[in-house]
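[1] got a predicted structure plus its sequence, pasted below:
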Amino acid sequence: MTDKNDHTDRSSMRSVLSLEPQMSPKSGNDSAKTAPSPPQKPALPQKKQIIGLKQRRDYLRVARSGIKAAQPGLVLQAAHRHSQKNPTDTTGKPSGDMPSPAVPATGFGITASKKVGNAVARNRAKRRLRALIAHIFPVEAEAGMDYVLIARSQTVKRPYKALEADLRRALDRVSRRRTP
């Protein structure tokens, strides 16, 4: 008996969930319901675009820049982006017709050598650094810069709040050392 009731309940649910055709405004009925348009949100300041460094030459360019700050949990290296046409283009090649965004991109890369530990430890260190980047970079990283975070053996064991403080200090030191 409950099976029969379940079947009828399901069929009634299908009819409730099905979309009924709405009347078009041309049919002469002005009272046809239309979905209200969502309210317009005020313009917010643009967020920095954060992109990942993919190529070895980008990592080498950042390392050669000489701007770095070492902390107990990580090492931060920084360099200015070169391309003026399109800040998201790190190759320096002409970017074609792609317009440059109003806010220059911030690039980041993560490195964890075997000094950090085995593969599990290295991957954990990289995950923790990615979480820091997602949390801190949109607010505190400078636009138009590339950053490389190098994991240390303490990156895996260090408390997250301490790593967060390390990254904030490193960003502050790098911003003071850089040349415009």
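    All right, it came through fine.

[2] which helix is the longest one in this protein?
    Counting residues, the longest helix in the chain under DSSP state H turns out to be helix 119-140.

[3] buried set for that helix?
    If you call a residue buried by 16 or more other C-beta atoms under 10 Å, then helix 119-140 has these buried ones: 121-122, 124-126, 128-129, 132-133, 137. Glycine gets a C-beta too; all of them are placed from N, C-alpha and C.

[4] what is the mean pLDDT for the helix or strand following it?
    Remark: after helix 119-140, the chain's next helix or strand is strand 145-151, criterion DSSP states H and E. The average pLDDT for strand 145-151 rounds to 96.

[5] look up which residues are beta-bridged to Ile67.
    Beta-bridge pairing of Ile67 under DSSP bridges involves Ala78.

[6] that one against Ala79, yeah?
    Yes: applying C-beta atoms under 8 Å, one finds Ile67 in contact with Ala79, separated by 6.4 Å.

[7] what about those two, which has more around it?
    Neighbours per residue (other C-beta atoms under 10 Å) separate Ile67 from Ala79, with Ala79 holding more: 23 against 19.

[8] in terms of helices and strands, where is the closest residue to Arg173 other than its chain neighbours?
    Leaving out its chain neighbours, the residue that sits closest to Arg173 by C-beta to C-beta, 6 or more residues apart in numbering is Ala69, at 3.9 Å. Per DSSP H and E: Ala69 is located in strand 67-70.

[9] for that strand, name the packing helices and strands.
    The criterion is 3 or more C-beta pairs under 8 Å, 6 or more residues apart in numbering; DSSP states H and E, and the helices and strands that strand 67-70 contacts are strand 74-80, helix 160-177.

[10] could the ones you listed go into TSV alongside mean pLDDT and distance to Met145?
    Formatted as TSV, those follow (pLDDT from 0 to 100; distance: least, C-beta to C-beta, whole Å):
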stretch	mean pLDDT	distance to Met145
strand 74-80	95	6
helix 160-177	94	8
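
[11] adding distance to Tyr147, write the ones you listed out as TSV.
    Formatted as TSV, these follow (distance: least, C-beta to C-beta, whole Å):
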stretch	distance to Tyr147
strand 74-80	5
helix 160-177	8
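
[12] of those, which is nearest Ala141?
    The closest of the helices and strands packed on strand 67-70 to Ala141 is helix 160-177. By C-beta to C-beta, the value is 6.4 Å.

[13] return the set of buried residues in the closest one.
    So for helix 160-177, counting by 16+ other C-beta under 10 Å, buried means 163-164, 166-167, 170-171, 173-174.
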